[in-house]
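*Asks:* Fold the following, please.
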Amino acid sequence: MNSKALPCQVNNIDVSVYECEIHLKFRMIEEKSILSDRDQLLQVLLEALTEGSDEFLETLHASVKAQEVSEFKASPQMRRQLMRLRNTEANQ
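*Replies:* The predicted model follows:
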């Protein structure tokens, strides 16, 4: 456990709902069996991308877009979570 972990700062946070879009194009060396399980493949890809390009993965193109959207476009579960976050902020 890291004894120098940063304290969680929740004061004065402004939270909103964002719609995010990621487009990636890359080449990778991987076991063929991974490609048949979409969830496992996604997990492997995310781990590889966070570690960066190496001899097994080369990124050809990456673009990311994020834009704030109305909270009414979010699911009821996300809206409830948003209200909880705002209420937590108001009570501190």
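*Asks:* and stretch 28-46, how far out from the chain's middle?
*Replies:* 18 Å (Cα atoms, centre = their mean, to the nearest Å).
*Asks:* List of residues touching it?
*Replies:* Under the criterion Cβ atoms under 8 Å, 6 or more residues apart in numbering, residues 24, 48, 55-58 lie in contact with stretch 28-46. Where you see a C-beta, it was placed from the backbone N, CA and C, and this is true even at glycine.
*Asks:* Got the confidence number for the residue nearest in space to the middle of the chain?
*Replies:* Nearest to the mean C-alpha position of the chain, counting by Cα atoms, centre = their mean, stands Cys20 at 9.0 Å. Cys20 is assigned 94 on the pLDDT scale.
*Asks:* Which positions within whichever strand or helix holds it qualify as buried?
*Replies:* Secondary structure from DSSP states H and E places Cys20 in strand 17-28. For strand 17-28, the neighbour count (16 or more other Cβ atoms under 10 Å) marks Val17 as buried.
*Asks:* Make TSV from the contacts of stretch 28-46 and add pLDDT and distance to Leu41 to it.
*Replies:* Output for the contacts of stretch 28-46, formatted as TSV (pLDDT from 0 to 100; distance: Cβ to Cβ, whole Å):
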residue	pLDDT	distance to Leu41
Leu24	86	13
Ala48	78	10
Glu55	85	20
Phe56	84	14
Leu57	83	13
Glu58	85	17
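*Asks:* Of the residues you listed, select the buried ones using a ChimeraX command.
*Replies:* A single ChimeraX command selects the buried members of the contacts of stretch 28-46 (16+ other Cβ under 10 Å):
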select :48,57
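*Asks:* on that earlier part again, please, which helix or strand holds the closest residue to the residue nearest to the centre of the chain other than its chain neighbours?
*Replies:* Closest residue to Cys20 apart from its sequence neighbours, by Cβ to Cβ, 6 or more residues apart in numbering: Ala66 at 4.6 Å. Using DSSP H and E, Ala66 maps to strand 57-69.
*Asks:* Give me the contacts around that strand.
*Replies:* With contacts defined as Cβ under 8 Å, 6+ apart, strand 57-69 is touched by 16-29, 48-49, 53.
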